[in-house]
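>>> Give me a 3D structure for the following:
(2 chains)
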Amino acid sequence: GAVVSQHPSWVICKSGTSVKIECRSLDFQATTMFWYRQFPKQSLMLMATSNEGSKATYEQGVEKDKFLINHASLTLSTLTVTSAHPEDSSFYICSAIGQGATEQYFGPGTRLTVT
Amino acid sequence: SQKIEQNSEALNIQEGKTATLTCNYTNYSPAYLQWYRQDPGRGPVFLLLIRENEKEKRKERLKVTFDTTLKQSLFHITASQPADSATYLCALAAGSGYSTLTFGKGTMLLVSP
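The predicted structure is shown next:
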């Protein structure tokens, strides 16, 4: 149980384009989903927290207009990187928590490369 | 400022030995602490959670201790195997419920045959 999937697993896009990453909880209802970014040899940095049906809460320094998060259902959250630049190249990972739970379950990650 | 430190970037041990990884924190009062395993190019995998009122947790070959006085958690893998080679992350949750996690940088464990 507690499986989280992400799609795509990797993506290459040109600078200035937008990319959407999906995060799905496959066997549980995720009341809260988190989006992280991880640079090589660095820790996971929380970007935003999203609760189903409400606006995401962004961490300090994360541009909400650049990283659009939608959590439209209890099993799906999306992260859209708008007008991507090479410095947005990173490993993006989502996680999900079921109602009343404390353990976060992570997706396999999405490698974004902006050329 | 709040800080989480994991003892070293890398730890090399021989197969069959016990690996001990350290997570120290400052300026936190965590409600619970979690340990994750992360393989290269993959998302973290949840291993163990220990709450502030618990001293020790075990799961198969894994053992976690939590000392809120020392502000330290130790993560042990007994009878280590080459398949245990990975990066291990500790993460703190400061509040109750589903509070957000703050992660350490991780310790890369390499178990040699």
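>>> tell me the secondary structure for the residue in chain B that chain A sits nearest to?
As assessed by Cβ to the nearest Cβ, chain A sits closest to B:Gly43 within chain B, at 3.8 Å. C-betas here are computed from N, CA, C, even on glycine. State at B:Gly43, reduced to three classes by DSSP: H, G, I helix; E, B strand; the rest coil: coil.
>>> Can you give me every residue that contacts it?
A:Val4, A:Gln6, A:Ile93, A:Ser95, A:Phe106, A:Gly107, A:Pro108, A:Gly109 (Cβ atoms under 8 Å, 6 or more residues apart in numbering or on different chains).
>>> close enough to count as contact, the first one and A:Ser25?
Put plainly, it is A:Val4. Yes: counting by Cβ atoms under 8 Å, A:Val4 does reach A:Ser25; the two are 5.5 Å apart.
>>> any shared contact partners between those two?
A:Ala96, A:Tyr105.
>>> do you know how far A:Lys41 is from A:Arg24?
28 Å (Cβ to Cβ, to the nearest Å).
>>> oh sorry, the question was meant for B:Gln14
41 Å.
>>> Give me the neighbour count for the residue lying closest to A:Gln104 once chain neighbours are set aside.
Using Cβ to Cβ, 6 or more residues apart in numbering or on different chains and skipping the chain neighbours, the partner closest in space to A:Gln104 is A:Ser95 (4.2 Å). Other residues near A:Ser95 number 27, with proximity taken as other Cβ atoms under 10 Å in any protein chain shown.
>>> Next: B:Val111.
Counted by other Cβ under 10 Å, the residues lying close to B:Val111 total 20.
>>> A:Leu79 too?
Neighbour tally, A:Leu79, other Cβ under 10 Å: 25.
>>> check contacts around it.
A:Lys20, A:Ile21, A:Cys23, A:Trp35, A:Met47, A:Phe67, A:Leu68, A:Ile69, A:Tyr92, A:Cys94.
>>> Could you do A:Tyr58 as well?
Applying Cβ under 8 Å, 6+ apart, the residues contacting A:Tyr58 are A:Met47, A:Ala48, A:Lys64, A:Phe67.
>>> Give me the residue ranges of the chain where confidence is low.
No chain in the question, so chain A it is. Along chain A, segments meeting pLDDT under 70 span A:1.
>>> if you could check chain B rather than the one you did, that'd help
Looking at chain B by pLDDT under 70, you get B:95-99.
>>> Please, where are all the strands along the chain?
You didn't pick a chain, so chain A it is. Along chain A, the segments classed as strands by DSSP state E run A:4-7, A:10-13, A:19-25, A:30-38, A:45-51, A:57-58, A:67-73, A:76-81, A:90-98, A:105-106, A:110-114.
>>> was after chain B, sorry
For chain B, applying DSSP E gives strands covering B:3-6, B:10-14, B:19-26, B:32-38, B:45-51, B:56-59, B:62-67, B:72-77, B:86-93, B:101-103, B:107-112.
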